[in-house]
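Enquirer: One predicted model, sequence on top.
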Amino acid sequence: MAEILTDSQLRQVKRLIRGLCANYDNGRCLILDGVCPQCISYTLLCRYFKEAVLPEDRELQTAIYGTPYLRHCAVCGKPLSGGKKNTLFCRQCAGLRIRQSKREWAQKNGCKNRKS
């Protein structure tokens with residue numbers, strides 16, 4: 001589904017692209033080796049922009065999607081993409097939380113790490 005931008009939203013998008021997009025170079029997209037399609041279109045086309053640049057402006061993101069588009073990790077705050085709706089942590093933080101939970105369980109139940 002393509003989100004259609006208003007004139008003011010397009011101006012804000014262009015401002016974000018010029019300031020934050022790592023692939024933008026004086027009107028050109030380094031990845032596509034041509035004109036940045038996001039700067040000339042009234043729809044959100046660029047996946048990199050939607051996932052990496054747009055979350056930096058929460059108000060614009062909410063105005064475009066109606067609700068916040070991406071969920072964020074409960075520990076580090078990184079955007080979560082894909083996955084299940086009940087996912088709370090990114091992969092790195094999920095691994096740390098599992099180890100922490102197992103360590104706490106072992107301490108609570110009197111288990112010790114023994115080598116035979």
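Expert: Great, that's in hand.

Enquirer: use CA for all of it now, contacts and neighbours both
Expert: Noted.

Enquirer: need the contact list for the nearest residue to L44 once chain neighbours are set aside.
Expert: What sits nearest to L44 in space, not counting adjacent residues and going by C-alpha to C-alpha, 6 or more residues apart in numbering, is E3, at 6.0 Å. By C-alpha atoms under 8 Å, 6 or more residues apart in numbering, the contact list for E3 reads T43, L44, I64, Y65.

Enquirer: Buried only: go through those for me.
Expert: T43, L44, I64 (16 or more other C-alpha atoms under 10 Å).

Enquirer: Report the buried residues of stretch 17-36.
Expert: Applying a neighbour-count criterion of 16+ other C-alpha under 10 Å, the buried positions in stretch 17-36 are I17, R18, C21, N23, Y24, G27, C29, C36.

Enquirer: helix/strand/coil for the nearest residue to the third one once chain neighbours are set aside?
Expert: Computed as C-alpha to C-alpha, 6+ apart, the closest residue to C21 that is not its neighbour in sequence is V53, at 6.2 Å. For V53, the assignment made with DSSP: H, G, I helix; E, B strand; the rest coil gives helix.

Enquirer: Do I have it right that V53 meets I17?
Expert: Yes: because the distance of 7.3 Å satisfies C-alpha atoms under 8 Å, V53 is recorded as touching I17.

Enquirer: C21 and P55 touch, don't they?
Expert: No: C21 is not in contact with P55 according to C-alpha under 8 Å; the separation is 11.8 Å.

Enquirer: gap between the residue nearest to C21 and C46?
Expert: Distance check for V53 against C46: by C-alpha to C-alpha, to the nearest Å, it reads 10 Å.

Enquirer: again with Q61
Expert: From Q61 over to C46 (counting by C-alpha to C-alpha), the distance is 14 Å.

Enquirer: which of those two has more neighbours?
Expert: For Q61 versus C46, neighbours defined as other C-alpha atoms under 10 Å are more numerous around Q61 (20 against 12).

Enquirer: if I look at that one, how far off is G77?
Expert: Here the criterion is C-alpha to C-alpha. By it, Q61 lies 16 Å from G77.
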